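J.: No sequence on hand, only this structure:
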Ligand SMILES: [Zn+2]
């Protein structure tokens with residue numbers, strides 16, 4: 001029997017299944033492409049059903065924040081759980097101990113005292129896997145990189161019931177002063193413009209992203225199915241392809257001008273796969289230059305030399 005949305009009891013979770021599945025597939029494939037495995041945190045959904053779908057999609061296990069969440073997931077049939085918080089209350093450790101024979105459980109350790117306390121509950125015959133939490137700038141918990149990590153690892157090795165199998169961190173540098181980053185993509189460049197996934201209208205990313213480019217291109221010509229094809233048409237002289245790209249460059253330029261006028265940087269580095277189209281940088285420079293206040297015109301706009309991997313490699317380098 002189908003359910004009518006008007007008769008659902010609230011609160012109720014409504015999901016677009018196609019989007020959910022394509023997002024799950026996207027991240028799994030992205031991880032595979034970089035040769036890493038993927039263990040999502042359930043805090044984004046807190047749902048056994050979605051957790052199972054993530055495992056089916058290719059996740060190797062789950063990350064949770066509390067023993068209670070681990071219990072719920074294991075009761076729901078999930079078998080590989082990492083508790084990403086250094087638990088230290090005896091009652092919680094006792095509950096975690098009960099989960100050991102029901103799932104592959106990994107706990108977090110961030111001090112010698114806590115490790116020793118865990119060691120009174122787990123034995124050589126019944127050991128638990130642990131990962132060391134490393135503080136990489138968020139300053140909530142974790143030991144400092146290098147020396148402190150090594151010292152704690154050596155302490156853990158002395159404790160028979162703990163089996164050290166990894167390190168983990170929560171990247172604090174990605175966060176702004178209130179524990180979340182700025183959202184330049186969601187600055188509004190068009191009043192009451194296109195609807196954005198974030199809930200607002202007229203966001204920059206709805207106009208200046210590659211996704212936006214292709215959406216606009218497809219409206220003009222169904223053959224323009226991706227950036228490569230669109231640029232091929234343009235190089236062959238197709239006027240509709242040129243118009244779409246020119247409009248899109250104008251949208252990019254607006255955002256960059258706002259950035260320059262806000263921060264007065266010496267250089268702007270533009271990344272993303274589409275910037276492999278050599279001609280784009282020159283077009284963007286020309287449009288920015290034409291509309292910027294004269295005193296800001298010395299700003300340089302250059303292409304990221306690492307191409308589409310710049311963002312990821314930059315994030316990684318913060319932790320090395
Ligand atoms: Zn938005």
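T.: Looks like it arrived, so ask away. Keep in mind that this is a model prediction, so the values were computed, not measured.
J.: Low-confidence regions, the stretch 51-200 of the chain specifically.
T.: For the stretch 51-200 of the chain, the stretches with pLDDT under 70 are 172-182.
J.: let's see 80
T.: Counting by pLDDT under 80, the stretch 51-200 of the chain shows low-confidence ranges at 137-140, 171-183.
J.: how about the residues of it near the ion?
T.: Proximity of the stretch 51-200 of the chain to the ion, by Cβ under 5 Å from the ion, involves residues 186, 196, 198, 200. Every C-beta, even on glycine, is put in place using the N, C-alpha and C of the backbone.
J.: which bits of the stretch 201-320 of the chain sit near the ion?
T.: Within the stretch 201-320 of the chain, the positions near the ion by Cβ under 5 Å from the ion are residue 203.
J.: still on that earlier bit, nearest to residue 260, of the residues of the stretch 51-200 of the chain next to the ion?
T.: Taking Cβ to Cβ as the measure, residue 260 sits nearest to residue 186 out of those, at 18.8 Å.
J.: list the contacts for that closest one?
T.: Residues near residue 186 by Cβ atoms under 8 Å, 6 or more residues apart in numbering: 196, 198, 200, 203, 204, 205.
J.: Mark which of those are buried, thanks.
T.: Buried members of these, counted by 16 or more other Cβ atoms under 10 Å: 196, 203, 204, 205.
J.: could you pull out the strands for the protein?
T.: For the chain, the strands defined by DSSP state E occupy 62-64, 80-83, 104-109, 128-134, 162-169, 267-270, 300-303.
J.: So whatever residue of the stretch 201-320 of the chain ends up closest to the ion versus residue 245, what's the distance?
T.: The stretch 201-320 of the chain approaches the ion most closely through residue 203 (3.1 Å), counting by Cβ to the ion. Distance from residue 203 to residue 245, counting by Cβ to Cβ, to the nearest Å: 20 Å.
J.: likewise residue 12?
T.: Residue 12 sits 43 Å away from residue 245, going by Cβ to Cβ.
J.: Give me the more crowded residue out of those two.
T.: Taking neighbours as other Cβ atoms under 10 Å, residue 12 and residue 245 compare with residue 245 leading, 23 against 8.
J.: can I assume the more buried one is in contact with residue 213?
T.: Yes - assessed by Cβ atoms under 8 Å, residue 245 is found in contact with residue 213 at 7.5 Å.
J.: what do the two both touch?
T.: Joint contacts of residue 245 and residue 213 (Cβ under 8 Å, 6+ apart) are residue 230.
J.: Tally up the residues packed near residue 259, please.
T.: By other Cβ under 10 Å, the residues close to residue 259 number 17.
J.: Spit out the contact partners of it.
T.: Per Cβ under 8 Å, 6+ apart, neighbours of residue 259: 184, 265, 268.
J.: can you pick the most crowded of those residues?
T.: residue 268 (16 neighbours).
J.: check contacts around that one.
T.: 256, 259, 260, 299, 300, 301, 302.
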